[in-house]
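J.: Okay, structure incoming, though there's no sequence with it:
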């Protein structure tokens with residue numbers, strides 16, 4: 001297989017990212033740096049190294065993890081904070097998370113060694129939906145809901161959820177269910193603060209076809225084959241849309 005696909009299957013990068021590593025001379029086959037994109041590697045025969053570290057392609061793994069609040073999406077924390085990998089089995093160490101959650105946000109986190117599909121799902125251009133449930137300060141007003149549905153200008157551009165629904169979470173507790181499709185940094189928190197209802201607690205309940213369900217905080221499960229089939233279909237549709245767009249641009253330029 002092509003060396004960039006091999007590196008992607010090792011979970012270190014997407015194929016596109018692996019190509020960038022090759023151009024930088026950071027990937028070697030049998031001790032020799034390679035920069036030719038068509039270079040082939042034979043698994044089990046050739047030795048592939050990235051930055052001097054030998055890597056091996058592994059069977060594809062996808063897991064759904066319920067990240068607790070206060071846990072970091074990182075390999076290690078110099079300040080001694082708990083990371084997601086401390087809560088996962090040792091064999092999950094090479095898996096990479098798909099679309100991070102900040103320390104104070106809990107909920108669904110995908111991890112995989114399928115670098116290509118992970119990159120495609122997380123990329124903003126894919127428009128993959130993320131669903132969140134936020135407990136907020138104050139009682140949600142009709143005006144706030146209307147503002148959220150109409151969208152608003154944030155410091156990094158216009159933002160509008162695909163869906164918004166008010167929730168009654170208790171006698172004095174109110175919340176909002178939002179569906180977004182860009183994965184911008186702290187977007188939910190910024191939107192709700194802008195309408196006067198800062199987030200008290202935030203949980204991601206869905207990422208594309210993957211759902212949190214009744215999975216308890218700190219626990220994980222293998223992704224269902226039905227979820228993976230739907231995710232692959234999403235990525236294929238995105239690829240077709242991108243190809244059509246490129247063809248249209250080519251015709252316009254011609």
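T.: Now that the structure is in, tell me what you want to look at. These numbers come from a predicted model, not from an experiment.
J.: Ramachandran coordinates for residue 206?
T.: Note on residue 206: backbone dihedrals following degrees, to the nearest 10 are phi -150, psi 140.
J.: Now do the contacts for it.
T.: For residue 206, the contacting residues are 108, 129-131, 212, by CB atoms under 8 Å, 6 or more residues apart in numbering. To be clear about C-beta, it is placed using only N, CA and C from the backbone, and glycine gets the same treatment.
J.: 7 Å instead?
T.: 108, 130-131, 212 (CB atoms under 7 Å, 6 or more residues apart in numbering).
J.: Redo those as JSON lines? Include pLDDT, distance to residue 185 and neighbour count.
T.: Output for the contacts of residue 206, formatted as JSON lines (pLDDT from 0 to 100; distance: CB to CB, whole Å; neighbours: other CB atoms under 10 Å):
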{"residue": "108", "pLDDT": "98", "distance to residue 185": "18", "neighbour count": "24"}
{"residue": "130", "pLDDT": "96", "distance to residue 185": "13", "neighbour count": "23"}
{"residue": "131", "pLDDT": "97", "distance to residue 185": "18", "neighbour count": "21"}
{"residue": "212", "pLDDT": "96", "distance to residue 185": "21", "neighbour count": "23"}
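J.: Narrow the residues you listed to those in strands?
T.: Counting by DSSP state E, the contacts of residue 206 place 108, 130-131 in strands.
J.: quick one: which of the residues you listed is nearest residue 146?
T.: residue 131 (20.3 Å; CB to CB).
J.: From the centroid of the protein, which residue is nearest?
T.: The chain has residue 99 as the residue nearest its centroid, 2.3 Å off, counting by CA atoms, centre = their mean.
J.: Roughly how far does that residue sit from residue 43?
T.: Distance of residue 99 to residue 43, given as CB to CB, to the nearest Å: 29 Å.
J.: re the thing from before, next one: the residue nearest to the centre of the chain, what pLDDT does it get?
T.: On pLDDT, residue 99 comes in at 86.
J.: which parts of stretch 120-128 are buried?
T.: For stretch 120-128, the neighbour count (16 or more other CB atoms under 10 Å) marks 120-123, 126-128 as buried.
J.: in what helix or strand does the closest residue to residue 107 other than its chain neighbours lie?
T.: Spatial nearest neighbour of residue 107, chain neighbours left out: residue 204 (3.4 Å); criterion: CB to CB, 6 or more residues apart in numbering. Element membership for residue 204, per DSSP states H and E: strand 199-207.
J.: Listing partners with orientation, what would you give for that strand?
T.: strand 105-112 (parallel), strand 130-136 (antiparallel), strand 210-211 (antiparallel) (DSSP bridges).
J.: How far does stretch 48-61 sit from its chain's centre?
T.: 21 Å (CA atoms, centre = their mean, to the nearest Å).
J.: now the end-to-end length of it.
T.: Stretch 48-61 has an end-to-end distance of 20 Å (CA to CA, to the nearest Å).
J.: Now that stretch: buried residues?
T.: For stretch 48-61, the neighbour count (16+ other CB under 10 Å) marks 48-50, 55, 57, 61 as buried.
J.: Also stretch 176-184?
T.: Here stretch 176-184 shows 176, 178, 180, 182-183 as buried, counting by 16+ other CB under 10 Å.
J.: Go through stretch 71-81 and flag the buried ones.
T.: So for stretch 71-81, counting by 16+ other CB under 10 Å, buried means 71-73.
J.: quick one on the thing from earlier: okay, who's weakest in the buried residues of stretch 176-184 by pLDDT?
T.: Ranked by pLDDT, the buried residues of stretch 176-184 bottom out at residue 183, which has 79.
J.: and the gap between that one and residue 39?
T.: 32 Å.
J.: what does residue 155 give?
T.: The value you get for residue 155 to residue 39, if CB to CB is used, is 43 Å.
J.: More neighbours: the two, which one.
T.: residue 39 (16 against 5; other CB atoms under 10 Å).
J.: if we can go back for a sec, hang on, isn't the residue nearest to the centre of the chain packed against residue 122?
T.: Yes. Applying CB atoms under 7 Å as the test, residue 99 and residue 122 come out as touching, 4.5 Å apart.
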